[in-house]
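>>> coords please:
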Amino acid sequence: MGNAHPTRYWHRLADERVQCDVCPRACRLHEGQRGLCFVRAREGGEIVLTTYGRSSGFCVDPIEKKPLNHFLPGTSVLSFGTAGCNLACRFCQNWDISKSGETDTLAESASPEEIARAAAGLGCRSVAFTYNDPVPFTEYAIDTADACRALGIRSVAVTAAYISPEPRAAMFAHMDAANVDLKAFTEDFYERICAGRLAPVLETIEHLARETRVWLEITTLLIPGLNDSAAEIDAMTRWVVEHLGPDVPVHFTAFHPAWKMTDRPPTPPEALSRARRIAMANGVRHAYTGNVRDPEGQSTWCHACGALLIERDWFRLGAWNLTPESRCARCAAVCAGVFEAGPGTWGAARLPVTFPRGA
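All right, here's what the predicted structure looks like:
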């Protein structure tokens, strides 16, 4: 069954099936069956990961593309994913990777140590587990994060946060930053559109904010008529401030018709701006727009005096008005995040990488 790698999160049931415990889906498998994610499977009476050490491709991106606006701005990140996903979102923007059950998608082979060395050689400050969710390949993500940390490279999880408590604690103990894709703020949306549940996602987000040192940002893709109402955005952003605090950045990004949802129009830019205004009115200090050109909505502003702190035009940085202590140069208010004395110099470039064999 390909690159079968032992996993930790599973147990045997009385009816001879084996249950995968990595996420709330709790797939119960007979010999030879795969879970909904397609990459965790039962083999030899155990649950194995079939994609360990294999990737759908590598690319050097600006960190802002994850999106992370308060984590090492201007630096480059080596991005990669595998295949499969443990949700079934009808609007998936990376469906060719996340919904893939074909091993042909996994064209690159790389050990955790090779990925860390490649990131260092490319000058990347971090490695991102993205394109598809890292939850199904938890073991590979943890080992890669450890190899990166040994070389002073940080790790970023771009995730829907649909993960069970024990593997959640284990995986995020190895991460430095996370962008959580909060799909919507209703159970109905998660059940009908994603074949999942909202409650475990909110539990994971709270765990990240309260019980870890992971830098956290949240993204919601606004889909016209499904999760973009003022009432829902109001409820979600009030929850963010109450449960996570005002300093967690929230990104509202534009939907484009994809996968099994081609009957909805793209998100109007005004819908993103309205969501940003609601969030800020509710006390979110840093709310952003994405997937559209909106320098005002993508720049970072001081929550105390309103001064421009970090200017952005798409993924390109302009003015930088943070002191080396991460304070506003005008009023000295602290801007929450993981910043250095100045911005990185990567710019907006996106560089596909052919992984060096035997690196």
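>>> could you say what helices and strands the helix or strand hosting R276 packs with?
Secondary structure assigned from DSSP states H and E places R276 in helix 269-281. Packing partners of helix 269-281 (3 or more C-beta pairs under 8 Å, 6 or more residues apart in numbering; DSSP states H and E): strand 215-222, helix 230-243, strand 250-254, strand 287-290, helix 295-298. In this view, the C-beta of every residue, glycine as well, is placed from N, C-alpha and C.
>>> May I see these organised as a markdown table, with mean neighbour count and mean pLDDT added?
Output for these, formatted as a markdown table (neighbours: other C-beta atoms under 10 Å; pLDDT from 0 to 100):
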| stretch | mean neighbour count | mean pLDDT |
| --- | --- | --- |
| strand 215-222 | 23 | 98 |
| helix 230-243 | 17 | 98 |
| strand 250-254 | 24 | 97 |
| strand 287-290 | 23 | 97 |
| helix 295-298 | 17 | 97 |
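>>> possible to save those as TSV with distance to L308?
As requested, the helices and strands packed on helix 269-281 are arranged in TSV below (distance: least, C-beta to C-beta, whole Å):
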stretch	distance to L308
strand 215-222	19
helix 230-243	22
strand 250-254	18
strand 287-290	14
helix 295-298	9
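>>> Compare those and give me the one nearest P136.
Distance to P136, taken as C-beta to C-beta, is lowest for strand 215-222 among those, at 19.4 Å.
>>> ok so, going back, starting at the chain centroid, how far to the helix holding R276?
The gap between where helix 269-281 is centred and where its chain is centred comes out at 21 Å by C-alpha atoms, centre = their mean, to the nearest Å.
>>> pretty sure V180 is touching I163, no?
No. Using C-beta atoms under 8 Å, V180 is not in contact with I163, being 10.6 Å away.
>>> pull the CA atoms of stretch 155-174 into PDB?
This file holds the C-alpha atoms of stretch 155-174, laid out as PDB (Å, rounded to 0.1, in the frame of the first residue of the first chain):
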ATOM      1  CA  SER A 155       7.000  25.200  11.100                       C
ATOM      2  CA  VAL A 156       3.600  26.500  10.000                       C
ATOM      3  CA  ALA A 157       0.300  24.500   9.900                       C
ATOM      4  CA  VAL A 158      -2.300  25.600   7.500                       C
ATOM      5  CA  THR A 159      -5.300  23.600   8.700                       C
ATOM      6  CA  ALA A 160      -9.000  23.300   9.100                       C
ATOM      7  CA  ALA A 161      -8.300  22.100  12.700                       C
ATOM      8  CA  TYR A 162     -10.500  19.100  12.500                       C
ATOM      9  CA  ILE A 163      -8.500  16.900  14.800                       C
ATOM     10  CA  SER A 164      -9.000  15.000  18.000                       C
ATOM     11  CA  PRO A 165      -7.600  16.100  21.400                       C
ATOM     12  CA  GLU A 166      -4.700  13.700  21.800                       C
ATOM     13  CA  PRO A 167      -3.100  14.200  18.400                       C
ATOM     14  CA  ARG A 168      -4.000  17.800  18.500                       C
ATOM     15  CA  ALA A 169      -1.800  18.400  21.600                       C
ATOM     16  CA  ALA A 170       0.900  16.300  20.000                       C
ATOM     17  CA  MET A 171       1.000  18.000  16.600                       C
ATOM     18  CA  PHE A 172       0.700  21.600  17.700                       C
ATOM     19  CA  ALA A 173       3.400  21.100  20.300                       C
ATOM     20  CA  HIS A 174       5.800  20.900  17.300                       C
END
